[in-house]
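Trainee: model the following, please.
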Amino acid sequence: GQVAAYGSLALPGKIENNTATGGNGGGIYCEGADANTKYVTLFHVNLIGNQAGGTSTGQGCGGALYLGTGKIGIKTTTIAGNSASVNGGGVYNHEGDIYLMSATIGGTTAYSTGAADEGNKAGTNGGGIYTQKGDIWVNYWNDELQSEDTPSKINYNTAQNGNGGGLDTHSGTITINGNEDDDEIEIAHNTANKGGGMYANAGTIQAHNARIHDNTATLNGGAVNNHAGDIILYGGSLSNNTAEQGHGGGAYTNVGDIDIFHFPQSETAPTLVNGTKVFNNLALKNGGGFNNHTGRVDVRHAFLRNNIAMQGNGGGIFCEGPHTDAIGFTVRLLCSEMQGNHTRGQNGTNAEPTGRGGGLYLKYGSVYAHYSDIFDNTANIDGGGINNHDGKLLLYGCTVNSNEALNGNGGGLLSQQGDITIGPSARRDGEDKSRATLITENTAGMSGGGLYNAQGNITLNGDYVSSNTATNGDGGGIFIANGTINMFGGQIDQNK
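Mentor: Purely as a prediction, here's the structure:
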């Protein structure tokens with residue numbers, strides 16, 4: 001590389017088109033010594049077109065910058081068009097934290113020749129940034145804000161044969177702190193095998209007011225993949241991401257929880273102008289928007305719209321869930337909207353049909369929905385709005401409208417094994433009365449236009465089930481195969 005140091009560095013200027021053949025740090029190599037000391041500070045620097053090559057152990061990391069041990073601070077700096085044969089196409093930190101402020105990691109097109117407008121590329125992990133042991137912080141604000149500060153952008157980076165197209169921490173957390181203005185931090189157009197935008201192996205991924213869009217993973221987690229930890233999205237948006245051959249078009253976690261939330265000034269209804277937005281994500285298999293393999297999903301004051309699971313279950317959300325209900329709920333929808341999500345499924349004669357739960361599919365556990373709207377979702381077979389395979393289904397003050405199970409049961413709601421309890425919401429300040437649950441204008445290709453319960457009881461508390469249709473089966477409003485219906489007020493009418 002051009003710069004090699006064994007102490008600390010504070011660099012302005014530009015470092016371009018340098019190569020570390022059979023080594024690390026194409027532009028800058030710094031050994032460091034203490035993980036708690038900031039050894040590299042980049043301010044108003046361009047690192048463009050640098051390369052770290054080599055295939056032997058300990059080579060090919062940090063196309064633009066390699067730090068052995070210590071902290072890295074990057075502010076008002078562009079790192080673009082760099083490549084590493086192994087990890088960290090732009091930046092590699094072996095042990096220590098990385099801080100970004102008003103930084104551009106990548107470009108406006110994918111890596112090709114190492115030009116200034118191209119993203120960074122890693123042969124394996126961390127197309128933009130990789131840390132082996134440490135945290136990654138992407139901040140819009142801190143105590144040193146100046147008028148020149150702009151949101152960081154992490155765009156068009158590639159992890160060619162590994163994880164984390166934009167950001168990757170092997171052992172640590174990723175925290176993104178944006179603001180609520182229109183110019184949020186952006187993570188877009190990154191690609192990887194897993195976690196097109198971001199990947200964490202064991203730690204929490206938090207994104208506050210970030211735009212995470214148009215990222216692609218070959219396997220799981222089109223935008224975000226956390227192998228063993230939680231995913232938290234507060235505000236911002238998650239959109240147009242794709243898991244080409246796997247699960248979780250928007251986000252995937254193997255062991256951990258997914259929390260999607262935004263707290264407006266009023267909680268009286270799902271008026272979600274500033275809510276977290278999750279839309280137009282696509283997965284080939286389960287979970288067009290989200291896939292949680294083992295854990296819970298908590299959605300508060302959020303939109304989930306037009307997400308698609310092409311051949312699997314759960315157009316908006318797929319959750320494997322815990323086998324017990326010790327935490328009180330497995331999936332919660334609070335003051336949220338789940339609209340226009342789809343499971344297209346497959347109906348081949350040599351395989352079991354798929355495509356359950358147009359809006360939500362939960363395999364084990366309970367669903368709790370309060371003050372939420374579930375409408376215009378479509379399932380290939382069972383549960384146009386919600387499909388709960390094994391557990392309770394509780395709705396309070398919700399609207400379930402115009403959902404469809406094209407070739408199966410339960411146009412609005414389906415529970416395969418567990419009780420369904422439906423009631424009004426709690427009365428809120430400023431309201432004359434509580435909000436009843438409405439289950440209307442849903443359609444099933446077979447039975448249970450509004451609700452279908454294969455094994456369990458249904459309890460209605462002053463709710464309305466009307467104008468639902470079972471096209472080729474029984475129970476236009478409600479079908480219960482093995483259980484009882486308890487009704488306390490409300491109305492069931494005009495179903496067919």
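Trainee: averaged pLDDT, stretch 386-397. What do you get?
Mentor: For stretch 386-397, mean pLDDT is 94.
Trainee: now do stretch 293-304: distance to the chain's middle.
Mentor: 9 Å (Cα atoms, centre = their mean, to the nearest Å).
Trainee: now that stretch - C-alpha only, CSV.
Mentor: Presented in CSV, the C-alpha positions along stretch 293-304 are these (Å, rounded to 0.1, in the frame of the first residue of the first chain):
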residue,chain,number,x,y,z
HIS,A,293,-36.4,-18.7,12.3
THR,A,294,-36.4,-18.9,16.1
GLY,A,295,-37.7,-15.9,18.1
ARG,A,296,-40.5,-13.4,18.1
VAL,A,297,-41.6,-10.5,15.8
ASP,A,298,-42.9,-7.2,17.4
VAL,A,299,-44.4,-4.7,15.0
ARG,A,300,-45.5,-1.3,16.4
HIS,A,301,-46.6,1.7,14.4
ALA,A,302,-45.4,0.3,11.1
PHE,A,303,-46.6,-0.4,7.5
LEU,A,304,-46.0,-3.8,5.9
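Trainee: and residue 294, how many neighbours?
Mentor: 16 (other Cβ atoms under 10 Å). Heads up, the C-betas are built off the backbone N, CA and C, glycines and all.
Trainee: correct me, but it touches residue 254?
Mentor: Yes - with contact defined as Cβ atoms under 8 Å, residue 294 counts as touching residue 254 (6.9 Å).
Trainee: spit out the contact partners of the spatially closest residue to residue 198 that is not a sequence neighbour.
Mentor: Spatially, and ignoring its direct neighbours in sequence, residue 198 is nearest to residue 167 (4.7 Å; Cβ to Cβ, 6 or more residues apart in numbering). Residue 167 is in contact with 126, 128, 129, 136, 138, 154, 174, 187, 197, 198, 199, counting by Cβ atoms under 8 Å, 6 or more residues apart in numbering.
Trainee: do residue 302 as well
Mentor: For residue 302, the contact set (Cβ under 8 Å, 6+ apart) comprises 260, 261, 262, 272, 275, 276, 277, 278, 336, 337.
Trainee: so what's the residue positioned nearest the centre of the chain bridging to?
Mentor: With distances taken as Cα atoms, centre = their mean, the residue of the chain nearest its centroid is residue 251 (2.9 Å). Per DSSP bridges, the residues bridged to residue 251 are residue 224, residue 290.
Trainee: quick one: low-confidence ranges for the stretch 201-350 of the chain?
Mentor: 263-274, 323-327, 347-350 (pLDDT under 70).
Trainee: show me the helices in it, by range?
Mentor: With DSSP state H, counting those that start in this stretch, there are no helices along the stretch 201-350 of the chain.
Trainee: before we move on, back to that, any idea how far the residue nearest to residue 198 is from residue 137?
Mentor: 10 Å (Cβ to Cβ, to the nearest Å).
Trainee: okay, and which of the contacts of residue 167 map to strands?
Mentor: Using DSSP state E, 129, 136, 138, 154, 174, 187, 198, 199 are the members of the contacts of residue 167 that sit in strands.
Trainee: quick check: the farthest pair among those residues?
Mentor: By the measure Cβ to Cβ, 138 and 199 form the most distant pair in those, at 14.4 Å.
Trainee: between these two, which one's more packed in?
Mentor: Neighbour count, other Cβ under 10 Å: between residue 138 and residue 199, residue 199 has more, with 32 against 29.
Trainee: my guess is the more buried one meets residue 192, correct?
Mentor: Yes - Residue 199 is within contact range of residue 192, at 6.7 Å (criterion: Cβ under 8 Å).
Trainee: so what sits against both of those two?
Mentor: Common contacts of residue 199 and residue 192 (Cβ under 8 Å, 6+ apart): 125, 159, 163, 164, 168.
Trainee: what's the following helix or strand after the host helix or strand of residue 465?
Mentor: Taking DSSP states H and E as the definition, residue 465 sits inside strand 458-466. Sequence order places strand 469-470 as the next helix or strand after strand 458-466, per DSSP H and E.
Trainee: picking up where we left off before, and of the contacts of residue 167, the nearest to residue 16?
Mentor: Among the contacts of residue 167, and counting by Cβ to Cβ, the member closest to residue 16 is residue 128, at 17.6 Å.
Trainee: what's next to the strand holding residue 465, contact-wise?
Mentor: With Cβ under 8 Å, 6+ apart as the test, strand 458-466 has contacts from 419-424, 436-440, 450-451, 477-478, 480, 483-495.
Trainee: surely residue 298 meets residue 276?
Mentor: No - contact criterion Cβ under 8 Å: residue 298 and residue 276 do not qualify, at 11.5 Å.
Trainee: between the two, which is the more surrounded one?
Mentor: Ranked by neighbour count (other Cβ under 10 Å), residue 298 and residue 276 place residue 276 first, with 24 against 19.
Trainee: sorry, back to before: what's the farthest-apart pair in the contacts of residue 302?
Mentor: Among the contacts of residue 302, 261 and 337 lie farthest apart (Cβ to Cβ), at 13.8 Å.
Trainee: neighbour count for those two, which is higher?
Mentor: Neighbour count, other Cβ under 10 Å: between residue 261 and residue 337, residue 337 has more, with 23 against 18.
Trainee: who does that one form a beta bridge with?
Mentor: Per DSSP bridges, the residues bridged to residue 337 are residue 303, residue 373.
Trainee: tell me the contacts of it?
Mentor: 270, 272, 302, 303, 304, 305, 372, 373, 374, 375.
Trainee: farthest pair in those residues?
Mentor: The largest separation in those, counting by Cβ to Cβ, is between 302 and 375 at 15.0 Å.
Trainee: what's the nearest residue to residue 316 if we skip its chain neighbours?
Mentor: Closest residue in space to residue 316, ignoring its immediate chain neighbours: residue 341 at 3.8 Å, by Cβ to Cβ, 6+ apart.
Trainee: what is the lengthiest strand in the chain packed up against?
Mentor: The single longest strand within the chain, with elements called by DSSP E, is strand 38-48. Applying 3 or more Cβ pairs under 8 Å, 6 or more residues apart in numbering; DSSP states H and E, we find strand 38-48 packed against strand 9-16, strand 28-32, strand 65-69, strand 71-75, strand 78-80.
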